[in-house]
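Colleague: Okay, structure incoming, though there's no sequence with it:
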């Protein structure tokens, strides 16, 4: 049963309830595709236009008052939107009405200041800034924020919108993550013609979806967690020149009105209210996102396609909560076990000599430990990184092992200047062998991983010395000033407190990139933790050097 655009109240509620039956994760791939496509097809006629564009005159009023509040030092955030909400409900129809309203609510706003703000509003209108207001009535105290949405670009409201919701994830993601497999399935197996994406940017899930939407030509509008007038620069890394014409919406126009964490929460609330269909990947229970989605369902229910993972986890506990609280509008789906994972190795495993740990004179070597790379590789375009991860390319997770494989492919260890004083790029080595890894590694809470992992390249110490390797110089700022200019790349700030001391790493440094071909073949080897990781290494690259498996 289809719902006509614009329907609200009991008629729309009843039609939404007459949905396709629920199914479970035990269904076949064909059944899951069929049921999801049926829901998407019904949405083509069941969407409700939830917000409308103001005419130029009323947009000019809003822009003028917004500029006046900014220049007058009025509070940002919810308070500013409450004031705009009052403006919209005041019945203003003429410039004279506006001047009377301003005199009442801005006693200190003189004629000159008001004139400046009106001229600024003129410039915004001519630059294509549009103002939208919610059509759907709000029933909660959150209504005044945002009272309006600032927009730019060719926004098409003549098709239903869907949005993807996923709680915040670690910066390093495996291409085999369950939620990522569910996202691939949704986009690659379902018929999305006639449906548009209500997307965003600034978090990995939204950037993944956005990059694929551009590649596939999917219609979209982006709800931004930053001001509309900053959109072009922020979006360029993903959309390139297309960022100039990208249709965008935000509760902020030309400056931030709230801290970033709050802006992300507001963004999710906007997306939830814009979209006619919610795709729920993994939502944590009792978090900001689950609270926003529950509030929206209570105010105005809509279709929710809820991923049901094979195993329940804390990361997806909110999925179950949404289903149990709003079962009439929930459509759960899972992925059959027969569905393949991400793409594996691209080449037939090569044969190479395997070193036994007991046969290695570990003290004769220095060790370059590889780390995971959260985001694009050095020199890799952000969009290429996102599409590789979306497609499940074998090294797209950018793990420490993936980093090692990339080095082997390029036959080059790249120097970096991050965490190094000065602009000279260096390659870090340690005299700690892998069996002493516990002496130097720490848990990085932000990245949810260890700072050092048991993957890397070992090179004989005497060979590295001949190539310019020298021990790091630990000390204070005074010690740095005493170093010769040519030796300053070796400096590492180290204070007496244990939290600020890096001496335990026993670091050596080489200035600049290092080609592996410059190292004698009998003076180097590569090491990984386990046998299955050795298989992945040899299935993706010929390392052209022996491999040591630490746990063998």
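Modeller: Okay, I see it. As the structure is a computational prediction, the values presented were derived from the model and not from experiment.

Colleague: Against residue 484, how distant is the closest residue to residue 477 other than its chain neighbours?
Modeller: Excluding the flanking residues, the one nearest residue 477 by CB to CB, 6 or more residues apart in numbering is residue 493, at 7.1 Å. C-beta here means a position set from N, CA and C on the backbone, and glycine is covered the same way. Look at residue 493 and residue 484: by CB to CB, to the nearest Å, they are 18 Å apart.

Colleague: Who has more neighbours out of the two?
Modeller: More neighbours surround residue 493 than the other of residue 493 and residue 484, with 15 against 6 (other CB atoms under 10 Å).

Colleague: Now that one: phi and psi?
Modeller: phi -60, psi 130 (degrees, to the nearest 10).

Colleague: isn't it right next to residue 480, touching?
Modeller: Yes. Here residue 493 reaches residue 480: they are 7.4 Å apart, a contact under CB atoms under 8 Å.

Colleague: what do these two both touch?
Modeller: Each of residue 421 lies in contact with both residue 493 and residue 480 under the rule CB atoms under 8 Å, 6 or more residues apart in numbering.

Colleague: returning to what we had before: how much space between the residue nearest to residue 477 and residue 475?
Modeller: For residue 493 relative to residue 475 (CB to CB), the value is 8 Å.

Colleague: helix, strand or coil for residue 133?
Modeller: Three-state assignment for residue 133 (DSSP: H, G, I helix; E, B strand; the rest coil): strand.

Colleague: That one - nearest residue in space that isn't next to it in sequence?
Modeller: Nearest one to residue 133, counting by CB to CB, 6+ apart, is residue 148 at 5.7 Å.

Colleague: before we move on, what about residue 287?
Modeller: residue 167 (6.2 Å).

Colleague: and the one you found, what does it touch?
Modeller: Contacts of residue 167 by CB under 8 Å, 6+ apart are 282-284, 287, 289, 315, 318.

Colleague: and residue 239, how many residues sit next to it?
Modeller: Neighbours of residue 239 (other CB under 10 Å): 22.

Colleague: likewise residue 255?
Modeller: Per other CB under 10 Å, the neighbour tally for residue 255 reads 11.

Colleague: roughly how far apart are it and residue 59?
Modeller: Taking CB to CB, one finds residue 255 at 18 Å from residue 59.

Colleague: now residue 145
Modeller: Counting by CB to CB, the separation of residue 145 from residue 59 is 19 Å.

Colleague: Next: residue 266.
Modeller: For residue 266, the distance to residue 59 - CB to CB - is 21 Å.

Colleague: between the two, which one's more packed in?
Modeller: Using other CB under 10 Å, the more surrounded residue of residue 266 and residue 59 is residue 266, with 25 against 21.

Colleague: Give the closest residue to the more buried one in space, chain neighbours not counted.
Modeller: Distances taken as CB to CB, 6+ apart put residue 251 closest to residue 266, at 5.8 Å, once the chain neighbours are dropped.

Colleague: which SS state does residue 279 fall under?
Modeller: Strictly by three-state DSSP, residue 279 counts as strand.

Colleague: Might one say that it is in contact with residue 185?
Modeller: No. Between residue 279 and residue 185 there is no contact under CB under 8 Å: 10.7 Å.

Colleague: which one of the two has more residues nearby?
Modeller: Between residue 279 and residue 185, counting by other CB under 10 Å, residue 279 is the more crowded of the two (23 against 20).

Colleague: which residues touch that one?
Modeller: Residue 279 neighbours (CB under 8 Å, 6+ apart): 162-165, 186, 305, 307.

Colleague: same thing but at 7 Å, please
Modeller: 162, 164-165, 186, 305 (CB atoms under 7 Å, 6 or more residues apart in numbering).

Colleague: Just give me the longest helix of the chain.
Modeller: Across the chain, the longest stretch assigned as helix under DSSP state H is helix 29-46.

Colleague: now that one, how far from the centre of its chain.
Modeller: 27 Å (CA atoms, centre = their mean, to the nearest Å).
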